[in-house]
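Asker: Any chance you could fold what I've pasted below:
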Amino acid sequence: MAIQTIEKLIMKLPVQISFHSIPRSPEIEDAIFEHAERLDEFAERIMSCRVVVDVPHRHHQQDNLYQVRIDITLPGGEVVVNREPPQHADYKDVRVAIRDAFDAAVRQLEDYVRMQRVDVKKHEPTPHARVARIFPQQDYGFLRTPDEREVYFHRNSVIDADFDHLNLGDEVTFVEEQGDKGPQASTVKPVGRHAGI
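Answerer: Now for the predicted structure:
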């Protein structure tokens with residue numbers, strides 16, 4: 001079984017194409033490069049993209065079905081797509097097999113990027129602030145952040161109904177969100193000795 005491989009740098013992305021059981025085809029290469037160019041739109045820092053085009057069960061009497069495998073390497077991960085021909089009669093057309101494989105790769109890249117964002121957020125430190133002003137009768141107050149900004153918070157934003165136990169100067173952790181009237185704090189939680197008083 002002959003294997004022919006071509007490699008080309010597209011934008012920042014090195015793309016390597018291998019042909020198994022079929023001769024090298026500039027038309028197939030062009031179709032792959034065209035799809036590969038779009039991958040940078042969905043994930044940054046792709047390190048490599050390897051594409052294998054194969055006809056695993058080549059028959060002379062009937063139409064051959066193409067198999068396309070894509071292996072994308074990213075920092076800390078890998079996306080692998082394998083479009084198996086027995087499942088798809090449409091894969092008599094190599095362009096359909098290539099299109100479907102890259103569509104699946106894009107979906108997996110988007111999932112990978114989403115998971116990476118969640119992991120980064122989990123490891124970001126929770127901001128701290130101190131209670132700067134509090135108005136118990138009106139059910140709100142303001143936190144002063146280390147960079148001297150004031151952030152509004154409401155009674156309902158305080159965890160474990162601890163609003164009535166907050167005092168000026170108490171240290172809290174919080175999550176900052178953009179409200180209708182500017183920044184506001186949610187998930188306000190007293191820190192240290194003030195927690196659970």
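Asker: so which strand or helix has residue 50?
Answerer: strand 48-54 (DSSP states H and E).
Asker: That should have said residue 188, apologies.
Answerer: Under the assignment here (DSSP H and E), residue 188 is part of strand 182-190.
Asker: distance between that strand and the chain's centre?
Answerer: Relative to its chain's centre, strand 182-190 lies at 26 Å (C-alpha atoms, centre = their mean, to the nearest Å).
Asker: Kindly report the same for stretch 180-189.
Answerer: 26 Å.
Asker: Can you give the domain ranges for this structure?
Answerer: Using automatic domain parsing, the domains assigned to the chain come out as 3-123, 128-194.
Asker: outside of stretch 153-161, which residues touch it?
Answerer: Applying C-beta atoms under 8 Å, 6 or more residues apart in numbering, the external contacts of stretch 153-161 come out as 139-143, 163, 166, 174, 184-190, 196. Heads up, the C-betas are built off the backbone N, CA and C, glycines and all.
Asker: In that stretch, which residues are buried?
Answerer: Buried residues in stretch 153-161, counted by 16 or more other C-beta atoms under 10 Å: 153, 154, 155, 157, 158.
Asker: Same check on stretch 166-185?
Answerer: 166, 170, 172, 173, 174, 176, 184, 185.
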